[in-house]
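Engineer: pasting the structure only:
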């Protein structure tokens, strides 16, 4: 087990006096159970229930008084009830709606007990078959590993420290880019990262990726409410990775025979399972960032490593410019978007991009980020500033003077003029700083 950043947030949660039972949310196989088991080491007593097991599930089927229920939970874990610091972990909680309903009573009747719940198919069932008590629980997302977590897993502690301090000497830039290129290739699935950190062998990862992919495809039967949706989702999970980063239409997606309504429902189900995101564009210049749902969305998957595997990009890499050149920059845009999302601790976090569509000219900025109530444009490029036409057009419409470009070179800041003559600061950042963008922006007030 390598250290996940979410452990810091779990410790903060455990120390808060207003703490509520916590629901960990995320796609299957992102490491929820492993993270909780690691976090449990900070407690004197760890109680675990897996509601896939009939015996554990039956504890909630009878309306026992809370004291009797807790006694049964301790006995099921071969523990004696005491005043020691205790964490109760309810895994696969989606298997028992009654256990979900009980979450409020843990909060109200045993406030000193720390409770965490999770489930492998939880996302697809929330608000459809189960509903957590409003205001009685809180949520925290767990996503694939970030680049900082990857560095930790690889034992690159000195490089990690310099990166987090935004103080990497330029002489180490190429080494950091090689590490980031490696991360961009294998992605952030914990099993993949752990396997590579131990073996340093790309060939061995193929078995892991294939197992993950087959698992998600098998899950379709559990997500789908009918055979048509099942077939539609299978089609997306077979053909959809080739459209990663592209704007898509639901009607007959990927040369299928499925109509817009069928495919839209299938996409939204997989999005709820946190396997992908339909990113709708914004056309505005000021906060809040509002998606235009009438326009075509961009398809982003939850892990770049799976995207690469499904598209046959599994060869060894060399040179710092790899992610700018490979697959027309799609890998670069996708891994940057993955890093931007990993840095956000809100379950509801969404990515966004900007478009201006007119008869005479179209423009598109890769990403928009909200920083101190300002919408900051982000481009993923490798060329010089003169080619950033869409970013220039966006900057002409905003009141601030900050634009971001991610590229393969070291950090630099330039004073640039738009085509309309407005001056702004173009902050060019190496790809490996994508997950620390908020910290960088705070340093450039």
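Structural biologist: On my side now, so go ahead. Remember, it's a predicted structure, so these values are computed and weren't measured experimentally.
Engineer: Phi and psi next, for residue 135.
Structural biologist: Taking degrees, to the nearest 10, you get phi 80, psi 0 for the backbone angles of residue 135.
Engineer: in the stretch 101-250 of the chain, which spans are helices?
Structural biologist: Using DSSP state H, counting those that start in this stretch, the helices of the stretch 101-250 of the chain run over 122-125, 147-153, 157-164, 173-186, 190-199, 202-223, 227-239.
Engineer: Of those helices, give the one that comes closest to residue 405.
Structural biologist: Taking C-beta to C-beta, helix 173-186 is the member of the helices of the stretch 101-250 of the chain nearest to residue 405, at 15.5 Å. From N, CA and C alone the C-beta is placed, and that goes for glycine too.
Engineer: residues touching the closest residue to residue 357 other than its chain neighbours, list them.
Structural biologist: Nearest non-adjacent residue to residue 357, counting by C-beta to C-beta, 6 or more residues apart in numbering: residue 295, 7.6 Å away. Listed by C-beta atoms under 8 Å, 6 or more residues apart in numbering, the contact set of residue 295 reads 280, 281, 355, 357.
Engineer: Highest neighbour count among those?
Structural biologist: residue 281 (22 neighbours; other C-beta atoms under 10 Å).
Engineer: Can you pull the poorly scored residue ranges out of this protein?
Structural biologist: Within the chain, the stretches with pLDDT under 70 are 124-129, 314-328, 382-386, 445.
Engineer: Swap in 80 and give it another go.
Structural biologist: 1, 120-131, 314-329, 359-361, 382-387, 445 (pLDDT under 80).
Engineer: domain ranges for it?
Structural biologist: What automatic domain parsing lists as the domains of the chain is 6-141, 147-279+288-342, 353-443.
Engineer: Leaving aside the residues adjacent along the chain, what's closest to the residue sitting nearest the centre point of the chain?
Structural biologist: By C-alpha atoms, centre = their mean, the chain has its centre lying nearest to residue 143, at 3.9 Å. Leaving aside its sequence neighbours, residue 143 sits nearest to residue 342 (C-beta to C-beta, 6+ apart; 5.2 Å).
Engineer: Next up, the contacts around the one you found.
Structural biologist: Applying C-beta under 8 Å, 6+ apart, we find residue 342 in contact with 143, 144, 145, 146, 188, 435.
Engineer: Which of the residues you listed ranks first by neighbour count?
Structural biologist: Tallying neighbours with other C-beta under 10 Å puts residue 145 at the head of the contacts of residue 342, with 29 neighbours.
Engineer: Which residue ranges of the stretch 51-200 of the chain form strands?
Structural biologist: 86-91, 114-117, 138-141 (DSSP state E, counting those that start in this stretch).
Engineer: Give me the contact list for the longest one.
Structural biologist: The set of residues external to strand 86-91 that reach it, using C-beta under 8 Å, 6+ apart, is 33, 36-37, 39-40, 43-52, 73, 99, 106, 113-119.
Engineer: Any of those buried? List them.
Structural biologist: Buried members of the contacts of strand 86-91, counted by 16 or more other C-beta atoms under 10 Å: 33, 36, 39-40, 45-49, 51, 73, 99, 106, 113-119.
Engineer: okay, the strands of the stretch 51-200 of the chain in a markdown table with distance to residue 336 next?
Structural biologist: Listed next are the strands of the stretch 51-200 of the chain as a markdown table, based on distance: least, C-beta to C-beta, whole Å:
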| stretch | distance to residue 336 |
| --- | --- |
| strand 86-91 | 33 |
| strand 114-117 | 31 |
| strand 138-141 | 19 |
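Engineer: right, and the ones you listed - which one's nearest residue 395?
Structural biologist: strand 138-141 (31.4 Å).
Engineer: how about residue 404, what does it touch?
Structural biologist: Contacts of residue 404 (C-beta under 8 Å, 6+ apart): 369, 376, 377, 378, 379, 426, 427, 428, 429, 437.
Engineer: Keep only those of these that are in helices.
Structural biologist: residue 437 (DSSP state H).
Engineer: Show me which of the contacts of residue 404 is closest to residue 177.
Structural biologist: Nearest to residue 177 among those, with distances taken as C-beta to C-beta, is residue 429, at 12.1 Å.
Engineer: what separates that closest one from residue 300, distance-wise?
Structural biologist: 20 Å (C-beta to C-beta, to the nearest Å).
Engineer: Distance check, the residue nearest to residue 143 against residue 133.
Structural biologist: For residue 342 relative to residue 133 (C-beta to C-beta), the value is 29 Å.
Engineer: need the contact list for the nearest residue to residue 133 once chain neighbours are set aside.
Structural biologist: With C-beta to C-beta, 6+ apart as the criterion, residue 133 has its nearest non-adjacent residue at 3.8 Å, and that residue is residue 104. By C-beta under 8 Å, 6+ apart, the residues touching residue 104 are 133, 136, 137.
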